[in-house]
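Asks: any chance you could fold what I've pasted below:
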Amino acid sequence: MKGVRWRRAALVLAVVAATAAPSSAHAARYTAVRKLGRGFAAMTCGVMEVPGNMAKVTREKGPAYGFTLGFVQGLGMIVVRELVGVYEFVTAPIPAPAGYKPIIQPEYPWGYFEH
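Replies: I've put the predicted structure just below:
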């Protein structure tokens, strides 16, 4: 039974890794599968909003703001990221918004660290 669980987990991780490739402005092709992966990533990695927002605010305003304002913004964005993730996961076959485009930016929770 444990072997089956590990195989399923590995399969899910492989699908997410394949669909959650780093996005670039000129190479982004949004599909239903990518929307599904984006939703799954948002549901499972929403907690990355805290360090992500801390890093973003630190780059924009400095470390004092990053460790305070960035932390608070990250806590709030966890809820947003998780809810958007559920929406994108459930509505993956439906092209809404038009062309399967992401609802929030960055597209993936780890997108804050790509710069």
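Asks: residue 107: helix or strand, and which one exactly?
Replies: Element membership for residue 107 (DSSP states H and E) is empty, with no helix or strand holding it.
Asks: got it, and residue 42?
Replies: helix 32-45.
Asks: name the next helix or strand following that helix along the chain.
Replies: Following helix 32-45 in sequence, per DSSP H and E, is helix 49-61.
Asks: how many neighbours does residue 44 have?
Replies: By the criterion of other CB atoms under 10 Å, residue 44 has 14 neighbours. For the C-beta atoms, the positions are set from N, CA and C on the backbone; glycine is no exception.
Asks: who's in contact with residue 77?
Replies: Taking CB atoms under 8 Å, 6 or more residues apart in numbering, we find residue 77 in contact with 49, 52, 53.
Asks: let me know the closest of the residues you listed to residue 83.
Replies: residue 49 (12.0 Å; CB to CB).
Asks: gap between the two ends of stretch 44-52?
Replies: 15 Å (CA to CA, to the nearest Å).
Asks: so for that stretch, mean pLDDT?
Replies: Taken as a whole, stretch 44-52 has an average pLDDT of 96.
Asks: now do that stretch: distance to the chain's middle.
Replies: Mean C-alpha position of stretch 44-52 versus that of the full chain (CA atoms, centre = their mean, to the nearest Å) differs by 8 Å.
Asks: buried stuff in that stretch?
Replies: For stretch 44-52, a neighbour-count test (16 or more other CB atoms under 10 Å) marks 45, 46, 48, 49, 50, 51, 52 as buried.
Asks: mind putting the residues you listed into JSON lines with distance to residue 35?
Replies: Output for the buried residues of stretch 44-52, formatted as JSON lines (distance: CB to CB, whole Å):
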{"residue": "45", "distance to residue 35": "16"}
{"residue": "46", "distance to residue 35": "16"}
{"residue": "48", "distance to residue 35": "19"}
{"residue": "49", "distance to residue 35": "19"}
{"residue": "50", "distance to residue 35": "24"}
{"residue": "51", "distance to residue 35": "25"}
{"residue": "52", "distance to residue 35": "20"}
